[in-house]
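Q: From the sequence below, what's the structure:
(4 chains)
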There are 2 protein chains.
Amino acid sequence: MTGNSHIQKALKMLENSPLKLTSQRVSLIKTLFKDGNQHFSAEDVYNKVKNTGVRISLATIYNCLNQFTSHGILKMVKASSDKVYFDTNLKSHHHFFCKASGELTDIDAKKVRISKLPKIPQGKKLNSIEVIVNISD
Amino acid sequence: MTGNSHIQKALKMLENSPLKLTSQRVSLIKTLFKDGNQHFSAEDVYNKVKNTGVRISLATIYNCLNQFTSHGILKMVKASSDKVYFDTNLKSHHHFFCKASGELTDIDAKKVRISKLPKIPQGKKLNSIEVIVNISD
DNA sequence: TACTAAATTAGAATTATTCTAAATTAGAAT
DNA sequence: ATTCTAATTTAGAATAATTCTAATTTAGTA
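A: A predicted model of the protein is given here:
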């Protein structure tokens, strides 16, 4: 184990972005990408980081998560919940969402095939397709 | 025109539900279902109703929209926005969402075919599949 | 007509998120 | 190395959507 490759890849993306390499951003990435694909809210991240001993303000957490998202280092997921989740899985994929438990799980893009789609409205271009499979107990 | 059939159908659903037939609920349904399939936020509804001369408190709007949703008289839609939208289109369908304009448009279920889907996790059951086609200018 | 549980309401409370303005810092220029 | 400047961080205030509270009203039943 010569360093976690998820972390390395994310740090590389940060370096290649116009964002400055601050200690907060580096700590954040190390915490977020440590355990592979994960979903978390801003509050989750705030606590996760706090547990590592580092202290980053909630405002900074929000700032960074949003900036990471707009620079492709994270994805944002909105399921039928009341808060935004961030996703370290950057590959194209979909989600199971269980409203009762609030649980969000990845679905590999390969496991879903969309074989028919309507034409995109005049003057607009396709950006992404999100499939949310709502499940319950 | 012997009365709007969308309104009639929604009112029938209200009557068949355990919800009481209050003047607020009836006004709401008449306003919401007047123009066919529509998407609106709670605030939109509040203003829409106010324009008809009727006054219903915002708390009641929220209460009713939520109750209508859980009794199948409305659908709730969450796109990549910061508020919840309610949808009078009860048929199974999907959505185009343009983040820039905030515009949400229906896609008929027939225009989308999902020909492959992963198996549902242990002990859970499939509830619904939501496809959001994100578009931009 | 009276009764009771459900519904409505104003306004307070809550939650997630963004904003503000002051202090700090990364990275470029010297 | 030192200085400089724009970007970043931060605490705390502000905002926006939504839910809660507790008092009043009402629908539908007895």
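
Q: The residue most central in space within chain A pairs with what?
A: Centroid check for chain A by C-alpha atoms, centre = their mean gives A:Asp87 as the closest residue, at 1.9 Å. Under DSSP bridges, the beta-bridge partners of A:Asp87 are A:His39, A:Lys75.

Q: Which residues are in contact with it?
A: Counting by C-beta atoms under 8 Å, 6 or more residues apart in numbering or on different chains, A:Asp87 makes contact with A:Asn37, A:Gln38, A:His39, A:Leu74, A:Lys75, A:Met76, A:Val77, A:Asp106. In short, each C-beta sits where N, CA and C put it, glycine included.

Q: nearest residue to the fourth one other than its sequence neighbours?
A: Across the structure, with C-beta to C-beta, 6 or more residues apart in numbering or on different chains as the measure, the residue nearest A:Leu74 apart from its sequence neighbours is A:Phe68 (4.2 Å).

Q: cool, the second one as well?
A: When the adjacent residues along the chain are set aside, A:Gln38 lies closest to A:Thr88, with 5.2 Å between them (C-beta to C-beta, 6+ apart).

Q: doesn't the residue nearest to A:Leu74 fall inside a strand?
A: No - checked against DSSP: H, G, I helix; E, B strand; the rest coil, A:Phe68 lies outside a strand; its state is helix.

Q: and it, how far is that from DNA strand D?
A: The spacing between A:Phe68 and DNA strand D, counted by C-beta to the nearest atom of the strand, to the nearest Å, is 10 Å.

Q: ok, now A:Asp82?
A: Distance from A:Asp82 to DNA strand D, counting by C-beta to the nearest atom of the strand: 7 Å.

Q: In a helix, A:Gln8, correct?
A: Yes - with three-state DSSP as the criterion, A:Gln8 is part of a helix.

Q: Helices of chain A, start to end?
A: Here chain A has its helices, by DSSP state H, at A:5-16, A:23-32, A:42-51, A:58-70.

Q: export the ones you listed to JSON lines and tack on mean neighbour count and distance to DNA strand C?
A: Below are those laid out as JSON lines (neighbours: other C-beta atoms under 10 Å in any protein chain shown; distance: least, C-beta to the nearest atom of the strand, whole Å):
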{"stretch": "helix A:5-16", "mean neighbour count": "15", "distance to DNA strand C": "8"}
{"stretch": "helix A:23-32", "mean neighbour count": "19", "distance to DNA strand C": "5"}
{"stretch": "helix A:42-51", "mean neighbour count": "15", "distance to DNA strand C": "4"}
{"stretch": "helix A:58-70", "mean neighbour count": "17", "distance to DNA strand C": "4"}
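
Q: Next, format those helices as JSON lines and append distance to A:Ser101.
A: Below are the helices of chain A laid out as JSON lines (distance: least, C-beta to C-beta, whole Å):
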{"stretch": "helix A:5-16", "distance to A:Ser101": "26"}
{"stretch": "helix A:23-32", "distance to A:Ser101": "22"}
{"stretch": "helix A:42-51", "distance to A:Ser101": "15"}
{"stretch": "helix A:58-70", "distance to A:Ser101": "23"}
